[in-house]
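Show me how the following folds:
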Amino acid sequence: MISKKDILQVGSTQKPYGIRGEIVIRFRKAEYADVETEYYFLEIEGIPVPFFIEEFIYSTDVTARVKFEDVDDEITAARYVNTHVFLPRERIKSPAEQAEAGWDYFTGFIVIDQHGEKLGVIEEVDDSTMNVLFIVKKDGKEYLIPAAEEFIAAIDEENNLIEMYLPEGLIEE
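The predicted structure follows:
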């Protein structure tokens, strides 16, 4: 079974399309729609389950109609509406290339501060403004940490860790 740290959310399912069981997927970025893959993981009851692609047709640069194997009608397709869609991290660009394209690559990474304290896990990346933020959660607390190269000291891709040097007062307990 694949671990959540080994996958990256690339989009979500929208609605069934037609009567053949096709589903519309909305990708977070156009680059994710362009990744060559034979399958996507859909999150079913918190578990990533592989769904193999029978047919893939672009609708726009960030949406596509996808026909999965064994999803043969609109009723079956409707079961998977509003479901997170994932790809294995290894299929996504390397961190250096990804940092140029966006910070989403680091979703799921653990943030450690300059004192070796675990701040939490990057659950989301808020890039709705010019100042991109990591949304880091730990024990029910949420921290907004600037996703800035000058704060990143080291990246351990194997263990999904980011060590950050954060200014005093940024994280208040």
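
okay, CA-based contacts and neighbour counts for the rest of this
OK.

Would you mind giving the domain segments of this protein?
4-91, 99-164 (automatic domain parsing).

what about the longest one, how long is it end to end?
Taking C-alpha to C-alpha, to the nearest Å, the first and last residues of domain 4-91 lie 15 Å apart.

Run the chain-centre distance for that domain.
13 Å (C-alpha atoms, centre = their mean, to the nearest Å).

Please apply the same query to the last one.
Its chain's C-alpha centre and that of domain 99-164 lie 13 Å apart, by C-alpha atoms, centre = their mean.

average pLDDT for it?
Domain 99-164 shows a mean pLDDT of 84.

Please apply the same query to stretch 75-83.
Mean predicted confidence for stretch 75-83 is 91.

Distance of residue 114 relative to residue 44?
Distance of residue 114 to residue 44, computed by C-alpha to C-alpha: 37 Å.

again with residue 146
31 Å.

Would you mind telling me which of those two has more residues around it?
residue 146 (18 against 13; other C-alpha atoms under 10 Å).

Report the separation between that one and residue 111.
On the measure of C-alpha to C-alpha, residue 146 and residue 111 end up 12 Å apart.
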